[in-house]
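Participant: Predicted model follows, preceded by the sequence.
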Amino acid sequence: MKGFSRRPLVTAMMLSGALLVGGCMVGPDYQRPPLDMPSGYKEPAATDPAFANLDWWALFADEKLDSLIEEALANNRDLGVAVSRIEEAAALLRIERANQFPFLNAEAGAGRSSPSRNILPTAETESSYYFNGAASFEVDLWGKLRRSTEAARADLLSTESSARNVTISLIAAVASTYFQLLDLDDRLRISMRTQKSREEALAIIEARYAKGTVPELDVNQAEIEAADAQASVAAFDRAVRQTENALSVLVGSRPRAIERGAELTRQTMPVEIPAGLPLSLLERRPDILAAEQQLAAESARIGVARAQRLPSISLTASFGYASRDLSDLVEGDSENWGIFGDLFAPIFNAGQLKSVEQAQRQRTEQARLSYEQAVLNGLRDVDDSLTGLRTSRAEHIARQRQLEAARTAARLSRARYDGGLVSYLEVLDSDRSLFQAELLESQTRQQQLSAVVSLYRALGGGWPAAKAQ
């Protein structure tokens, strides 16, 4: 006994390892479901499958935008939550993986005791010392623990992809909000310039009215237009401040004034942006990757649910010493050990475990449908973004032509009015048209820049800089 008793823990581990190697894995192995992927996008686009995850916003050559994005990546709270969830998922994976190995524990103790001599007159004070080690292990006969680890690993990958999705969305939000701020700056300047012009025109009309050369109606109409410009200044001033606040929160700071770089009219516009092939979305879009890993995790949990319906074996081994004298604690006669094996087999549970497996299969089906929906949404996003980029360019070109025509019409109408050829109504109409044309030209320029940002987000990554020059 003395020669054998020193090896019970090792014997138990070797036995459990042999059983583990011989165990099978129930449940389906994950395979990507078949998808009906088109050969190209509905919207014509340049294709280039060799994408690079580069700092795409550098294409706009705006240092202030670069610094805002860097600040957001460092301080945004939502991104911080997403990164924390990655650490949580990694810890959960380590927990599941640990269940595949034996658990070892040790305990030691010492004590003295003496019973009442009124009850036992011959009682003596006694000492006791002990030291024990124990090992426990669940044999993974059906792959339940391995499937649990597989599911946890897929959860981790899904969480990482979700964090990347948050990152991409954050960068896109900062860039879009920044361009919106530049657009509002531009429209505020247009409104202030228009207000000044209309107030000067009002002063001229009032002077002419005082001399009796124009009717009072011209004064009233000039006052209306001046007040309209004043209201526009107030509205755009409010929008600028609120957009600054929104951008401040995105970069993780309290509301503050935002430094601007180049004005909207001087922003660099990338010429060509390759969209790649639709199939590349499956490997690039983090929301699609997250949905697929979630499907893989739910598929693995089918095996866990299935294994719970089958017999399980647990092994326990202990080895230690116990003695009344500390000097005899490690002597052979002080040894105590034990090896135990437990078999558990569910026989009747009113269909509970079967229903658990059925419920898990339905969760897997839900994950499959969510994955397929994510793919469809990705395809739609890219086509929508390509359409938005093409049409926003065409719209901006048309607005530029409209603006040039409106400027010419306003100049000619003012000259005709000063020459007494037309009424002040023609001047007002031309002035309104010019004001609206200036605002719309600024807005469509911003929409064109934002369309580039939307396409980046829809593609799930960057594009080679050489293709965008």
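Facilitator: That came in fine, so what should we check first?
Participant: Okay, buried residues for the one helix or strand residue 437 maps to please.
Facilitator: Residue 437 is part of helix 424-459, with elements assigned from DSSP states H and E. In terms of neighbour count (16 or more other Cβ atoms under 10 Å), helix 424-459 has its buried residues at 424, 426-428, 430-431, 433-435, 437-459. Using the backbone N, CA and C atoms, a C-beta is placed for each residue, glycine as well.
Participant: Over to stretch 408-420?
Facilitator: Neighbour counts using 16+ other Cβ under 10 Å place 409-410, 413-414, 417 of stretch 408-420 among the buried residues.
Participant: Repeat that for stretch 126-145.
Facilitator: Buried residues in stretch 126-145 (16+ other Cβ under 10 Å): 129-145.
Participant: before we move on, what about stretch 248-259?
Facilitator: 248-252, 258.
Participant: first to last residue in it, what's the distance?
Facilitator: Using Cα to Cα, to the nearest Å, the end-to-end distance of stretch 248-259 comes to 11 Å.
Participant: mean confidence for that stretch?
Facilitator: Averaged across stretch 248-259, pLDDT comes to 95.
Participant: swap in stretch 269-278?
Facilitator: For stretch 269-278, the mean per-residue pLDDT is 70.
Participant: Tell me the span between the first and last residue of it.
Facilitator: One end of stretch 269-278 sits 25 Å from the other (Cα to Cα).
Participant: Sticking with the most centrally placed residue in the chain, tell me its helix or strand.
Facilitator: With distances taken as Cα atoms, centre = their mean, the residue of the chain nearest its centroid is residue 166 (2.2 Å). Element membership for residue 166 (DSSP H and E) is helix 144-210.
Participant: do the same with residue 396
Facilitator: Assigned by DSSP H and E, residue 396 belongs to helix 352-418.
Participant: any idea of the angle that helix forms with helix 424-459?
Facilitator: Relative orientation of helix 352-418 and helix 424-459, computed by axes from the mean of the first three to the mean of the last three Cα atoms, to 10 degrees: 150 degrees.
Participant: helices or strands up against helix 352-418?
Facilitator: Here helix 352-418 touches helix 281-284, helix 286-307, helix 424-459, going by 3 or more Cβ pairs under 8 Å, 6 or more residues apart in numbering; DSSP states H and E.
Participant: Between those, which one is closest to residue 71.
Facilitator: The closest of these to residue 71 is helix 424-459. By Cβ to Cβ, the value is 17.3 Å.
Participant: ok and that closest one relative to helix 144-210, angle-wise?
Facilitator: Helix 424-459 and helix 144-210 are oriented at 170 degrees to each other (the same axes, to 10 degrees).
Participant: Show me what helix 424-459 is packed against.
Facilitator: helix 144-210, helix 216-250, helix 352-418.
Participant: Tell me which of those sits most buried.
Facilitator: Each of the helices and strands packed on helix 424-459 was scored by mean neighbour count; the highest is helix 144-210, a mean of 20, by mean count of other Cβ atoms under 10 Å.
Participant: and that one, how far out from the chain's middle?
Facilitator: Centroid separation for helix 144-210 versus its chain: 18 Å, with Cα atoms, centre = their mean, to the nearest Å.
Participant: And stretch 391-408, by the same measure?
Facilitator: Centroid separation for stretch 391-408 versus its chain: 37 Å, with Cα atoms, centre = their mean.
Participant: Much appreciated, bye for now.
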